[in-house]
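*Asks:* Sequence plus predicted model, see below.
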Amino acid sequence: MTVRAKLSRAPVLAWAALALAGAMLASAAVSSVSKTKPDRWWQPDEGRVFPAQLEYSDPTGTLRLLLDHGPMSTKGHPFFSALGPNGRACVTCHQPADAMSLAVADVQREWARKGAADPLFAALDGSNCPSLPQQARASHSLLIDHGLIRIARAWPPRDLAGKVIKPDFSIAVVRDPTGCNTNAKWGLTSADPQISVYRRPRPVANFKFIEAMGFAYDPKAGMPLGLDPETGKPVSGNLMADARVPSLSAQMRDAAATHLAFLKQLSKDDIARVLDFERRLYVAQQSDATGGALDADGAKGGPRNLQISPPGRLGSEGTPVWSEFEAWAKMPAAARAKLPPALVAFRDSVARGARLFRTKTFLISDAAGINSPIGFGNPVRNSCVFCHNMSFMGMDVAPGQVDLGTTNRPFADPMPWLPLFRVTCLGAPHPHYGKVILTHDPGYALTTGRCADVGRITLQTMRGLAARAPYFSNGSAKDLRGVVDFYDRRFHIGYSEQEKSDLVNLMRAL
Amino acid sequence: MKAATLALAALATGSAQTPRDPIAFVACPIYRDTDAGAKSGCWLADDPATGIRYDVSASPTKPDWNHAILVEGQRGESNANPCGGVAMAPVRVAVLKAPCTRFMLEAEGYPGRRFGLPPRNVRPLYEERARPDRPFQPKTFAIPFDFDRHFVIYQLSDYYLDATINYALDVAPARITVTGYAQTDPIEVSGQALAEPASLARARAELVVKALEMRGVPSDAITLATGAPGESADPAFDGLHGPSMRRVEIRIAPQPAR
């Protein structure tokens, strides 16, 4: 509980006593209640008002959140309330200052301030394994150092009706640095077999785009979009790293039961209120420390453009992806001359980065979801927008489960802190890895039970990136340069230093 | 069967082919890394019987350089050679299980082809689409499949599947018969006897039924069947006999509203 929350509940007599004592501490505390800006970290049950517009500084500029029809009181709101016994709320891992995700810098700040007492570090998934001593920093190293939350997936997988799926692969633990996958209670051979993987929380905003269905089909599956069993209606398929739930409602129930340890079912009213909040919220970088306002001089950066733009559109047939910054490339020389050189240089870099993103092609090979099973060919020459094709958001208009190699060996960077699994395909071999795959996270395969899906991860949104390092589902890229470097290595792109810098500047402007 | 036999006869005698002669062979694909933008790389394959290098890039399904491919098609009518091979059009490629050593050629001065959206592409949901005129007529749709697969081919089969589903939804109520076909009679291509299992006919039909149901076509309106092996003259196959044997046909007969 924060100082502010404690004080707000303190009886009047206590205030009087404090005043009489004349303690400087009390004076400082009162000041913090009435005058100081609220802390960037949102604790559950604070009861703040979520304004229509909210801004936070991040390492390269300012992040802005816009709430349609805001402001909104969060007092008693289920997104902001600790629903279960572990003291967590949704907001604990989806912080407004972190683009509704979780920046590792803020995790480290919370550990320094409160240690294991902060509900963020709840044993079930805010530690490397619930079996570990919870007061020790080492027991929370994956969260503190890499921003990773433990996700326990049932093994074998279950379908949406809870029926066991017979997987076409077996899985064994090769390395278990957290001890959780071999633990007698929490591991793969326990009475309730689980596979613990460690993933970054995804941003809870811009859902107009995440839920959008541009087409009726998922070409990667060769079938119509999947159906939500609750409504019988199609869903975008772009939720969660492993697409284990089809809808936001189901995601909420899943998260409440696991991350919040909420043993009851969320009420319909609670679900409706969370949905309402999440669907009204937009987030994007608004200004850059070097480049200034990202919606200045004809550019259309920032979240306002997200509020007013249609979702689910292919950039190749409408608004080209990241053409928001094209105006900067076309500024007349006279107008440029009036601006600081560093600002102009940054804007030029962002505009170049946007064009590179669309036009610099490279050979994509052996990536399931791209090179198989769909017939694009293996290899296929294309650019970043091949997959990041949705205007304004950079997601995949088709459901985007792709194996970039971020979790599978040999493509994944060395990550000795993560578990390593050996997947053995029991039927047909994996189209690109063969019969045996070494993986840190089987990803989509933990949902489908198919060995061909090992390492496939749902593409993420690309807005508010500067506020939510590290990147990729397993946090393997500690910064945006790390993202570019990974792609450069994985696909032998051969980016120049200038190109890398341009792509980093583009991403920090999103 | 007849088409494949004719093709083999033509190849065996080494007779000069006209553009419309059928061509069929099995080969390891070669990727030529031309760069005229996205999806501009070339796919080549050498017919082992004639030694002719063909450009098979126009196939809706592109090769996988780790696997052999079955090529079926015709020489294109254009003499343009942007890839370093005799361009085939129409052409179909099926990726086979047999492994190949991957091989890539540099562009070597060939420009490749700038990608253009194929005419058979599924349109987005946000676009208005034309509805059928009344009175609704019975129609039959055909959905192609690659050899030995029951995966809906991107920018070919999905186009016909979408057209089928849209028609079924637009004219409802309707009786819908989904009939799967497989090429169970072996054809000899490049010295290999290629045939599909009979079970594939049903698997293909079941896939299409599932797709219809997922888009909202009532299950009780659909009848599933399998058909005797045979060819189809449906435009979906561009006149290619071999590929036409691997298909699903959907007959949609509008019914009077109750």
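*Replies:* Received, thanks.
*Asks:* what is the rounded mean pLDDT of stretch A:292-302?
*Replies:* Taken as a whole, stretch A:292-302 has an average pLDDT of 98.
*Asks:* just how off-centre is stretch B:55-65 within its chain?
*Replies:* Relative to its chain's centre, stretch B:55-65 lies at 11 Å (CA atoms, centre = their mean, to the nearest Å).
*Asks:* Counting neighbours, which bits of it end up buried?
*Replies:* Neighbour-count burial for stretch B:55-65, counted by 16 or more other CB atoms under 10 Å in any protein chain shown, picks out B:D55, B:V56, B:S57, B:A58, B:S59, B:P60, B:T61, B:K62, B:P63, B:D64, B:W65. For the C-beta atoms, the positions are set from N, CA and C on the backbone; glycine is no exception.
*Asks:* Helices - which of those residues land there?
*Replies:* Among the buried residues of stretch B:55-65, no member falls in helices (DSSP state H).
*Asks:* Look up how far A:N389 lies from the residue of the stretch 101-250 of chain B found nearest chain A.
*Replies:* The stretch 101-250 of chain B approaches chain A most closely through B:V152 (3.7 Å), counting by CB to the nearest CB. Per CB to CB, to the nearest Å, B:V152 is found 20 Å from A:N389.
*Asks:* who's in contact with the residue of the stretch 101-250 of chain B closest to chain A?
*Replies:* By CB atoms under 8 Å, 6 or more residues apart in numbering or on different chains, the residues touching B:V152 are A:Y217, A:G222, A:M223, B:I143, B:F145, B:D158, B:L161, B:L207, B:A211.
*Asks:* and if you look at B:G239?
*Replies:* Residues in contact with B:G239 (CB under 8 Å, 6+ apart) are B:Q74, B:P90, B:A233.
*Asks:* State the distance from B:R120 to B:L156.
*Replies:* Relative to B:L156, B:R120 is positioned 6 Å away (CB to CB).
*Asks:* Quickly list what's touching both of these two.
*Replies:* Shared contacts of B:R120 and B:L156, defined by CB under 8 Å, 6+ apart, comprise B:P60.
*Asks:* For the two, indicate the residue with more neighbours.
*Replies:* Between B:R120 and B:L156, counting by other CB atoms under 10 Å in any protein chain shown, B:L156 is the more crowded of the two (25 against 18).
*Asks:* Would you confirm that the more buried one contacts B:F145?
*Replies:* No: applying CB atoms under 8 Å as the test, B:L156 and B:F145 come out as separate, 9.7 Å apart.
*Asks:* Report the closest residue of the stretch 1-150 of chain B relative to chain A.
*Replies:* Closest point on the stretch 1-150 of chain B to chain A, by CB to the nearest CB, is B:K62, at 2.9 Å.
*Asks:* so who does that residue touch?
*Replies:* Contacts for B:K62 were tallied using CB under 8 Å, 6+ apart; they are A:G375, A:F376, A:G377, A:N378, A:V380, B:W43, B:V93.
*Asks:* next one: B:Y31
*Replies:* Counting by CB under 8 Å, 6+ apart, B:Y31 makes contact with A:G377, A:P379, B:G41, B:C42, B:W43, B:L44, B:P63, B:W65, B:R102, B:F103, B:M104, B:L105.
*Asks:* Quick check: mean pLDDT of the longest strand belonging to chain B?
*Replies:* What stands out as the longest strand in chain B, according to DSSP state E, is strand B:86-99. Average pLDDT, strand B:86-99: 97.
*Asks:* could I have that strand exported to PDB, CA atoms only?
*Replies:* Only the C-alpha atoms of strand B:86-99 are listed here, as PDB (Å, rounded to 0.1, in the frame of the first residue of the first chain):
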ATOM      1  CA  VAL B  86      11.700 -20.600 -70.300                       C
ATOM      2  CA  ALA B  87       8.700 -19.000 -68.600                       C
ATOM      3  CA  MET B  88       5.800 -21.300 -67.900                       C
ATOM      4  CA  ALA B  89       2.300 -19.900 -67.700                       C
ATOM      5  CA  PRO B  90       0.000 -21.300 -66.500                       C
ATOM      6  CA  VAL B  91       2.000 -23.400 -64.100                       C
ATOM      7  CA  ARG B  92       1.400 -25.200 -60.900                       C
ATOM      8  CA  VAL B  93       4.100 -26.300 -58.400                       C
ATOM      9  CA  ALA B  94       3.500 -28.800 -55.600                       C
ATOM     10  CA  VAL B  95       6.200 -29.200 -52.900                       C
ATOM     11  CA  LEU B  96       7.000 -32.900 -52.500                       C
ATOM     12  CA  LYS B  97       8.400 -34.700 -49.400                       C
ATOM     13  CA  ALA B  98      11.600 -35.700 -51.200                       C
ATOM     14  CA  PRO B  99      14.500 -33.700 -49.900                       C
END
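*Asks:* follow-up on the earlier one: dump the buried residues of stretch B:55-65 to TSV, plus distance to B:F115 and pLDDT.
*Replies:* Output for those, formatted as TSV (distance: CB to CB, whole Å; pLDDT from 0 to 100):
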residue	distance to B:F115	pLDDT
B:D55	15	98
B:V56	16	98
B:S57	10	97
B:A58	12	97
B:S59	14	98
B:P60	13	98
B:T61	15	98
B:K62	12	98
B:P63	16	98
B:D64	19	98
B:W65	19	97
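*Asks:* Restricted to strands, list the residues you listed.
*Replies:* Using DSSP E, the buried residues of stretch B:55-65 in strands are B:D55.
*Asks:* Low-confidence stretches in the stretch 151-300 of chain A?
*Replies:* Residues of the stretch 151-300 of chain A that meet the criterion pLDDT under 70 lie in A:263.
*Asks:* what does it have sitting close to chain B?
*Replies:* Contact residues, the stretch 151-300 of chain A versus chain B (CB under 8 Å from any CB of the partner chain): A:213-217, A:219, A:222-227, A:234.
*Asks:* What ranges does the stretch 151-258 of chain B have for its strands?
*Replies:* Here the stretch 151-258 of chain B has its strands, by DSSP state E, counting those that start in this stretch, at B:174-180, B:187-189, B:192-194, B:222-226, B:247-254.
*Asks:* Check the offset of the first one from the chain's centre.
*Replies:* Going back to what we said before, that points to strand B:174-180. With CA atoms, centre = their mean as the basis, strand B:174-180 stands 21 Å off its chain's centre.
*Asks:* what comes into contact with that strand?
*Replies:* By CB under 8 Å, 6+ apart, the surrounding residues in contact with strand B:174-180 are B:136, B:168, B:200-206, B:208-209, B:212, B:217, B:221-227, B:247-255.
*Asks:* Repeat that for the third one.
*Replies:* Here strand B:192-194 makes contact (CB under 8 Å, 6+ apart) with B:V26, B:L70, B:F147, B:Q183, B:P186, B:I187, B:E188.
*Asks:* just the buried members of those?
*Replies:* Buried subset of those (neighbour count, 16+ other CB under 10 Å): B:V26, B:L70, B:F147, B:Q183, B:I187.
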